[in-house]
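A.B. asks: here are the coordinates; sequence isn't available:
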C-alpha cells in the first residue's frame with residue numbers, strides 16, 4: 001500500500017518578530033495507490049511544504065500525514081524524492097549516482113547492476129554510464145536523478161518542481177519521458193509544479209491551491225478525459241492544442257486568478 005493521506009493538516013512557522021504564520025490551513029487530501037497527483041498554486045501557498053511533510057522533511061503543526069497506512073515520522077526508503085536541483089554527486093559517474101542508494105542498502109552487486117542497467121536504458125542514458133554530471137546537459141542530469149529515485153523501487157515518488165530548472169524545449173521532452181515512465185512503472189506520485197500545462201498533461205488529478213493561508217481550492221480529475229482522448233498516443237504539442245486540454249488549462253488558470261484577486265490586499 002502506498003496511499004498518501006493528509007488528515008486535517010495545518011502548518012505554522014514562527015516569525016522572527018514573534019507570533020506565528022499560518023502557512024497551511026486545515027487540509028485533507030488522499031492520493032490513491034499508483035495515482036499521479038499534481039499540485040499547482042502560487043508561490044507561498046504551501047504546496048512544497050505538503051510534499052516535504054510527505055517526505056518526512058517537515059512535520060504538521062496539527063493533523064497527520066500517512067503513507068501506506070503508517071504515520072510519517074521521517075524520511076524512509078519507501079518514499080523517493082526528486083528535487084528541482086539535480087543534487088547529483090559530481091565525483092561519481094552516472095552509473096554510480098543511480099546506484100548509490102542500492103549500495104547504501106547493501107543490495108547484492110549482480111542485482112544492483114541489473115537494476116541500474118534497466119533504468120539507464122529506460123531513461124535514455126545508454127552510452128553515458130561512465131560520464132560525470134558536468135559532462136551532461138541539464139535534461140540528462142535530471143534523467144539521472146529520476147532514475148536514481150526509481151531504481152530504489154519506492155512505493156511513492158515525491159517530485160518538487162523537477163523540471164523547473166530546465167529550458168522550455170528540454171522541459172517538454174522530459175514531460176513526455178516522465179509520462180512514458182509513469183505509465184510503464186506506475187508509482188504513487190505527488191508532483192509539485194508552477195506550470196498549469198505541465199500539471200494537466202502529466203497528472204490523473206490536479207489539486208489547485210490558494211494562499212493566505214494555503215488551502216485546497218479545488219481538485220480536478222484529468223485522467224478520464226486523457227484516457228478517452230488517448231493523449232498518450234499523440235505528440236505533446238498536439239495534445240496541448242486540443243480543445244479539451246485548453247479548456248482544462250483555462251479552468252485552472254481562472255481558479256488561480258480569482259483566488260489571487262480575492263487574496264490581494266485592497267489599495268489605499
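C.D. replies: Good, I have the coordinates. Source: prediction; values computed, not measured.
A.B. asks: name the nearest residue to residue 248, ignoring sequence neighbours.
C.D. replies: Distance criterion Cβ to Cβ, 6 or more residues apart in numbering; nearest residue to residue 248, sequence neighbours excluded, is residue 200 at 4.9 Å. Using the backbone N, CA and C atoms, a C-beta is placed for each residue, glycine as well.
A.B. asks: oh sorry, the question was meant for residue 32
C.D. replies: Using Cβ to Cβ, 6+ apart and skipping residues adjacent in sequence, the residue nearest residue 32 is residue 3, 5.8 Å away.
A.B. asks: okay, buried residues for the strand or helix carrying residue 100 please.
C.D. replies: Per DSSP states H and E, residue 100 falls inside helix 94-105. Of the residues in helix 94-105, 94-102 count as buried by neighbour count, 16 or more other Cβ atoms under 10 Å.
A.B. asks: quick check, nearest of the residues you listed to residue 88?
C.D. replies: The nearest member of these to residue 88, counting by Cβ to Cβ, is residue 97 at 5.0 Å.
A.B. asks: and the strands in the stretch 151-268 of the chain?
C.D. replies: 156-160, 188-192, 205-210, 215-221 (DSSP state E, counting those that start in this stretch).
A.B. asks: please convert the ones you listed to JSON lines, extending it with mean pLDDT and mean neighbour count.
C.D. replies: Formatted as JSON lines, the strands of the stretch 151-268 of the chain follow (pLDDT from 0 to 100; neighbours: other Cβ atoms under 10 Å):
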{"stretch": "strand 156-160", "mean pLDDT": "93", "mean neighbour count": "24"}
{"stretch": "strand 188-192", "mean pLDDT": "95", "mean neighbour count": "25"}
{"stretch": "strand 205-210", "mean pLDDT": "96", "mean neighbour count": "23"}
{"stretch": "strand 215-221", "mean pLDDT": "95", "mean neighbour count": "16"}
